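Undergrad: with the input below, show me the fold.
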Amino acid sequence: MALRVTGARRSRPSPDAMTLTEHLGELRRRLVLSVLALSAAAVVAFFLYEPMLHVLQHPYCQVTHGSCQLYVTSPLDGLSLRIKMAGFGGLVLASPIILWQVWRFITPGLNPREKRYAIPFVACSIVLFLLGCALAYYSLPHALGFLERIGGPSLKQIYNPNQYLSLVLLMMALFGATFEFPVILVALELAGVLSPKRLLSWWRYAIIAITAVAAIFTPSADPFSMMVMAVPLIVFYFLAIFVGKLLGR
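TA: Numbering: from 1, shown residues only. Predicted coordinates for the structure are as follows:
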């Protein structure tokens, strides 16, 4: 007896559905585009070396009241410094394109609700990272002054540009990275891993932990820079609780 199947339709795969091989191919394509963007931006930054160096040298000039020459101790220091600056500047210039490639890669795996939050999260991440870098730049003269005073008046400060800029870029990178803290907290709240009520109950421990982290991870180890990092993070902690409550309604 022949069997007939009526009214049954084969479900079509989602247009966003991809096999593992297709995911790997998409990842490779996004990585290649990001590397190309970074390389092109690094070339641009290579030729913007002088104005970039002038901006990053400014905090040192504030401490020394204009006498802020940087001294190289090796013939290769100038070249390595320019390459380092090109890499840093290229990463900053190419960051919008790199973030866009990350966004395009993760979009197919998000549901409509997650897609709605993704763009604000990316925008907030960029703004907070830049804010962290700006605060690090602002605190640098205080950090350099502290490091000069702690060594005593018998020491004469002669800075190597590679070591000086390593400190500057490390501070900016660490401040920028730690300022992503509220974005991570809100994401965990939306994912149901943490609740605003639980975070609020932990506020005393959070303040102690944030202060300890700021003391440990501030490269210059001066009190002013530590407070510049710790105070905004404490404010961000309570702000993340408030935002989590609003989005959870």
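
Undergrad: and the next helix or strand past the strand or helix carrying V32?
TA: Under the criterion of DSSP states H and E, V32 resides in helix 20-47. Beyond helix 20-47 on the C-terminal side, the first helix or strand identified by DSSP H and E is helix 49-64.

Undergrad: buried ones in that next one?
TA: Buried residues in helix 49-64, counted by 16 or more other CB atoms under 10 Å: 49, 52-53, 56-57, 59-60, 63. In this view, the C-beta of every residue, glycine as well, is placed from N, C-alpha and C.

Undergrad: quick check: R82 touching E50?
TA: No - judged on CB atoms under 8 Å, R82 makes no contact with E50 at a distance of 9.7 Å.

Undergrad: and the pLDDT for N111?
TA: Confidence at N111, expressed as pLDDT, is 68.

Undergrad: same question, L167
TA: With respect to pLDDT, L167 has a value of 86.

Undergrad: in contact with it, which residues?
TA: By CB atoms under 8 Å, 6 or more residues apart in numbering, the contact set of L167 is 219-220.

Undergrad: can you do 10 Å?
TA: With contact taken as CB atoms under 10 Å, 6 or more residues apart in numbering, L167 is in contact with 140, 143-144, 147, 159, 219-220.

Undergrad: quick one: average pLDDT of the helix holding V32?
TA: Helix 20-47 comes out at a mean pLDDT of 89.

Undergrad: what angle separates that helix from helix 49-64?
TA: 70 degrees (axes from the mean of the first three to the mean of the last three CA atoms, to 10 degrees).

Undergrad: which neighbouring elements make contact with helix 20-47?
TA: Packed against helix 20-47 by the contact rule (3 or more CB pairs under 10 Å, 6 or more residues apart in numbering; DSSP states H and E) you find helix 77-106.

Undergrad: hmm, back to that, buried residues in the helix holding V32?
TA: By 16+ other CB under 10 Å, the buried positions in helix 20-47 come out as 30, 34, 37-38, 41-42, 45-46.

Undergrad: how far does it sit from its chain's centre?
TA: 18 Å (CA atoms, centre = their mean, to the nearest Å).

Undergrad: what does stretch 53-69 give?
TA: With CA atoms, centre = their mean, you get 25 Å for stretch 53-69.

Undergrad: which residues are in contact with that stretch?
TA: By CB under 10 Å, 6+ apart, stretch 53-69 touches 70, 81-82, 85, 88, 136-148, 157-159, 161, 164-165, 168-169, 171-172.

Undergrad: of these, just the buried ones, PyMOL syntax please.
TA: The PyMOL selection below is limited to those of those classed as buried (16+ other CB under 10 Å):
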select buried, resi 70+81+82+85+88+136+137+139+140+141+142+143+144+145+146+159+161+164+165+168+169+171+172
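
Undergrad: skipping adjacent residues, who's closest to S220 in space?
TA: A143 (3.5 Å; CB to CB, 6 or more residues apart in numbering).

Undergrad: between the contacts of L167, which is closest to I184?
TA: Ranked by distance to I184 (CB to CB), the contacts of L167 are led by P219 at 21.6 Å.

Undergrad: which residues touch that closest one?
TA: So P219 contacts 136, 143, 166-175, 225 (CB under 10 Å, 6+ apart).

Undergrad: could you dump those into CSV with distance to Q101 and secondary structure added?
TA: CSV is the format used below for the contacts of P219 (distance: CB to CB, whole Å; DSSP: H, G, I helix; E, B strand; the rest coil):
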residue, distance to Q101, secondary structure
A136, 26, helix
A143, 35, helix
S166, 28, helix
L167, 31, helix
V168, 28, helix
L169, 23, helix
L170, 26, helix
M171, 28, helix
M172, 23, helix
A173, 21, helix
L174, 25, helix
F175, 25, helix
S225, 33, helix
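
Undergrad: quick revisit: using pLDDT, spot the least trustworthy of the contacts of L167.
TA: S220 (71).
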